[in-house]
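Participant: Sharing a model prediction with you, sequence too.
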Amino acid sequence: MASEVVMPKLGATMEEGTIVSWLVQVGELVEDGDPIAEIQTDKIVMEIEAETTGVLLKTLYDAGTAVKVHEVVAYLGDEGESAEGLGDDLSKSTKAFGEKLEQTVNETTAINEVSVWACDKIRRTPAARKLAEESQLNLYDIAGSGPLGRIQKIDVENYLQQQDTKRITPLAKKIADDQGIDYKQIEGTGSHGKIRKEDLVSTPVTNEKVMVLADKRMPFKGMRKVIADRISASAYTAPHVTLLSEIDMTNCVALRQDLLPIIEKVEGLRISFNEILIKATAFALKQNPNINISLEGQEIVYHSHVNIGMAVAVPDGLVVPVLRNVDQKGLAAITSEAKGIGKQARDGKLSPDDMQGSTFTISNLGMYAIDGFTPIINSPNAAILGIGRIQKKTVVVNDELAIRSMMNLSLSFDHRIIDGAPAAAFLTDLKDVLENPFKLMI
Amino acid sequence: MREVTYLEAIREAMSQEMRKDDNVFIMGEDIGIYGGAFGLTNGMIEEFGPERVRNTPISEAAISGCAVGAAMTGMRPILEIQFSDFIMIAMDNIVNQAAKTRYMYGGKAQVPIVIRLPGGSGAGFAAQHSQSLEAWMTHVPGLKVVQPSNAYDAKGLMKAAIKDNNPVLFYEHKLLYNTKGEVPEEDYEIPLGQADIKKEGSDITIVATAIMVNKALEAAVELEKEGISVEVIDPRTLVPLDTATILESVKKTSRVLVVYEAVKRSGYGAEIVSMIAESDVFDYLDAPIRRLGGLATPIPYNPVLEKAAVPQVDDIVQECKKLMNK
């Protein structure tokens, strides 16, 4: 018997959600708790999870479709079960905007964050409140730049200035900005005249209005310059060697499934592979203290603690906030800290202290279609771990073919202060603990 | 225009009024041949004689009592309290008599006295001779309180104070006595209750009193270099207070710093802050209103500590940066 998968209602004000992507193909097997699809509300991007184990029989909407809450979006059932007739009477009732969401959306925010945000009192100055009121703006939509996130008048003014420009999807805006298109002249075809990507492309080029696509030139300064200088310094002074290893993550996948509800209950947050990898790396670093080192001036520093820098992509750049004493912390604490500091990073609220003192760095591209890469060391650390995506592959286990969740790790190290053999030993230990994650309990 | 000191400007205002009106006279400790503790009345006894420049015993109660009595009989006395700290001895005459008489007699009697009060710290006079207690007087209905910050204002305000039919407390800052400013020789008056915008600006309104006006103006120059535009307002009289000028400025800048030398706790700056917070201009505030005042300590004798006990230019600069989230 087929069971329904519905669009969840994630907040009191949520009326519909947009399917960003299907994470599972029709005919694929999913287990209870596996993510099936990514959905986006006006505030967040989330995953819909399977509530039973079964085969995805049918999806009713394509990615990019907005669906009302509680509407059925897919069916799960037994293998071989017929999908015929399922949901035939439903699809007409749902409004389909068809607005494609082609931006990359990776971050999943916890559900409870929505409710906390919604009931939180906003810090704002009287002037900001008055201007927002006069302009009929909701202060919840505006990010504050003052102390403790206080919304200042200037924040409302900046927001208004953005609003003054035409309604435009983020993707279309990016294309327009990149190509120097004056989108204010364009009539949008989206809801309420919102300009979509298609509108930019189909803008009629007449004799009077010839679209000039000028190259955009940006000054090479600020965060970009800092990143550039640091990357160059590391790449050109530290001789990099990168070791690769393929890890069987099947046990870690199971561990995460088991820990998900437990940690969610404690911290209200969903543990990611990222946190398990941080924990396992700290464990392996403790076993291999000759990797947890930095080259500072004329000295090689063997760190007594394990502070892991976590590369976080932010608009137009990259920051590396630091999780401290990871070797002494449990997965719940690491999850809470990593999510917290990641959010701070993306909100641009990190202090310089938050980015100081790493002894080792992790760069995780597992959310992209990246199998492996050669990261550049985050000086003065001596090594950096690059993480690729987890993919099911056929591998040989006990002389038989098996389907396992596989992942590539790459370890770039500074060959001046780490030799090949200890680096290989570290990566081997890390592989061992990831394939046998119960060792983390030792 | 000619430049004279703050001290000379006050002397000139009193002398000019004494020449015009025989009822005006001055009294105080050693104000005759000695010229007063700060030399402010130098030469006046020669011009006006001992009848109108009266030396008194060292008793503030006696001086103030005589002054109130003389005023009720139609005279217009100006009395000098050698240091404003000594006003405590004269308090009953000022608060219970001078401030109440006109009201209780339905206007049939009045007490037109001016009480000159050298106040403030910075001259090394230690805890009993350096206080700024003007807020006490602002609390009493029936008294007017004046605090000039430069020579020009001092002359104009002194004339208005002498002509006012109510008791006026005239606070002079010791460190300002020798500061010079352009002061016209001719007669002019600055009405009590009229604030002055000492410098226009767009980002922060600083309401400062007495010598803090000058410090705020110095701070404004520093802040200008960092792109922060400060408007400096000198209320000039605390009672009556020109609320309109202050509020108009706050509406424009949306940020306020109130600076005064008196102990911050319960100082008159608190009254200014409350007035702004209660007003319609509240809606225009884009930052919490801040106060900068003296520390809650007796003024120290040690010159380094004495400076540290009251706001200085750099303190004002730092506070303004905080207001700008910088």
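Facilitator: That came through, no problem. Since we're looking at a predicted model, the values are computed, not measured. Numbers count the residues shown, from 1 in each chain, chains lettered A, B, ... in the order given.
Participant: Direction included, what does the helix or strand where residue A:410 lies pair against?
Facilitator: Using DSSP states H and E, the element containing residue A:410 is strand A:400-414. Strands adjacent to strand A:400-414 in the sheet, as given by DSSP bridges, are strand A:240-248 (antiparallel), strand A:383-397 (antiparallel).
Participant: need those in CSV with mean neighbour count, can you?
Facilitator: No exception for glycine: its C-beta is placed from N, CA and C like everyone else's. Conversion of the strands paired with strand A:400-414 to CSV gives the following (neighbours: other C-beta atoms under 10 Å in any protein chain shown):
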stretch, mean neighbour count
strand A:240-248, 17
strand A:383-397, 18
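Participant: ok so, going back, quick one: name whatever helix or strand follows the strand holding residue A:410.
Facilitator: Past strand A:400-414, the next helix or strand by DSSP H and E is helix A:420-435.
Participant: Which other helices and strands does that next one contact?
Facilitator: strand A:240-248, helix A:250-267, helix A:273-287, strand A:383-397, strand A:400-414 (3 or more C-beta pairs under 8 Å, 6 or more residues apart in numbering or on different chains; DSSP states H and E).
Participant: returning to what we had before: so can I have a markdown table of the strands paired with strand A:400-414 showing distance to residue A:135?
Facilitator: A markdown table is the format used below for those (distance: least, C-beta to C-beta, whole Å):
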| stretch | distance to residue A:135 |
| --- | --- |
| strand A:240-248 | 53 |
| strand A:383-397 | 44 |
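Participant: Let's have those strands in TSV, adding distance to residue A:171 and mean pLDDT.
Facilitator: Putting those into TSV (distance: least, C-beta to C-beta, whole Å; pLDDT from 0 to 100) gives the following:
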stretch	distance to residue A:171	mean pLDDT
strand A:240-248	34	95
strand A:383-397	23	94
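Participant: returning to that earlier point: give me the angle between the strand holding residue A:410 and helix A:273-287.
Facilitator: 60 degrees (axes from the mean of the first three to the mean of the last three C-alpha atoms, to 10 degrees).
Participant: tell me which residues in strand A:400-414 are buried?
Facilitator: A:404, A:405, A:406, A:407, A:408, A:409, A:410, A:411, A:412, A:413, A:414 (16 or more other C-beta atoms under 10 Å in any protein chain shown).
Participant: ditto for stretch A:328-343
Facilitator: Applying 16+ other C-beta under 10 Å to stretch A:328-343 flags A:329, A:331, A:332, A:333, A:334, A:335, A:336, A:337, A:338, A:339, A:341, A:342 as buried.
Participant: ok, which of the residues you listed also contact chain B?
Facilitator: Applying C-beta under 8 Å from any C-beta of the partner chain to these, one finds that nothing falls near chain B.
Participant: closest to residue B:28 among these?
Facilitator: residue A:341 (68.8 Å; C-beta to C-beta).
Participant: what sits against that closest one?
Facilitator: Contact analysis of residue A:341 by C-beta atoms under 8 Å, 6 or more residues apart in numbering or on different chains lists A:310, A:312, A:321, A:322, A:323, A:350, A:354.
Participant: One more pass at 10 Å, please.
Facilitator: A:310, A:312, A:319, A:321, A:322, A:323, A:349, A:350, A:354, A:355 (C-beta atoms under 10 Å, 6 or more residues apart in numbering or on different chains).
Participant: Which helix or strand contains it?
Facilitator: helix A:331-346.
Participant: immediately after that helix, which helix or strand?
Facilitator: strand A:360-364.
Participant: Got the confidence number for the residue nearest to residue B:16 when sequence neighbours are not counted?
Facilitator: Leaving out its chain neighbours, the residue that sits closest to residue B:16 by C-beta to C-beta, 6 or more residues apart in numbering or on different chains is residue B:187, at 6.3 Å. Per-residue confidence (pLDDT) for residue B:187: 94.
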